[in-house]
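Provided below are the primary sequence and the corresponding predicted coordinates.
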Amino acid sequence: MGTRECGSPISMSKPSAGEAGRTGDWRANRPVMTAQACLAVKKGEVVCQLCWAYCPDACISRGVGPVIDMEYCKGCGICSEVCPANAIEMVPEAAHGVCNVGEGSER
């Protein structure tokens with residue numbers, strides 16, 4: 001393992017959604033937020049934001065009442081797991097009238 005001098009640049013990427021294209025059409029579960037339970041909505045200010053911080057796909061907006069971009073959400077459920085208010089629940093796509101990938105197709 002090598003070392004680097006202080007002040008030398010390091011390689012980093014900026015989190016952003018959509019660089020690889022829309023990915024939300026193949027998830028099996030989707031996050032559903034109960035706004036009244038969200039700490040940011042309850043307090044009317046930007047607080048908590050754990051869902052935003054932990055989303056690996058950067059598809060949750062930061063602000064009062066986070067919004068999930070379903071076109072890029074993969075349904076991993078991390079947001080639901082880290083929410084201290086249990087404001088996000090993972091539900092099957094079929095509950096929203098959306099077929100899961102492979103349903104209804106012959107194999």
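Alright, I've got the coordinates.

Could you list the low-pLDDT ranges of the chain?
Applying pLDDT under 70 to the chain flags residues 1-21, 24, 96-107.

any chance you could map the helices in it?
39-43, 50-54, 78-82 (DSSP state H).

which residues sit in contact with the residue nearest to Cys55 when sequence neighbours are not counted?
In this structure, Cys55 finds its nearest non-sequential neighbour in Cys79, 5.8 Å apart by C-beta to C-beta, 6 or more residues apart in numbering. Heads up, the C-betas are built off the backbone N, CA and C, glycines and all. Listed by C-beta atoms under 8 Å, 6 or more residues apart in numbering, the contact set of Cys79 reads Pro31, Leu50, Cys51, Tyr54, Cys55, Ile60, Ile68, Ile88.

burial count for the closest residue to Gln49 other than its chain neighbours?
Distances taken as C-beta to C-beta, 6+ apart place Arg62 nearest to Gln49, at 5.8 Å, with adjacent residues excluded. A count of nearby residues for Arg62, using other C-beta atoms under 10 Å, gives 13.

so Arg62 touches Leu50, yeah?
No - counting by C-beta atoms under 8 Å, Arg62 does not reach Leu50; the two are 11.0 Å apart.

ok, now how distant is Cys76 from Met33?
Noted for Cys76: a distance of 15 Å to Met33, by C-beta to C-beta, to the nearest Å.

just Ala85 next, same as before
Ala85 is 10 Å from Met33, where distance means C-beta to C-beta.
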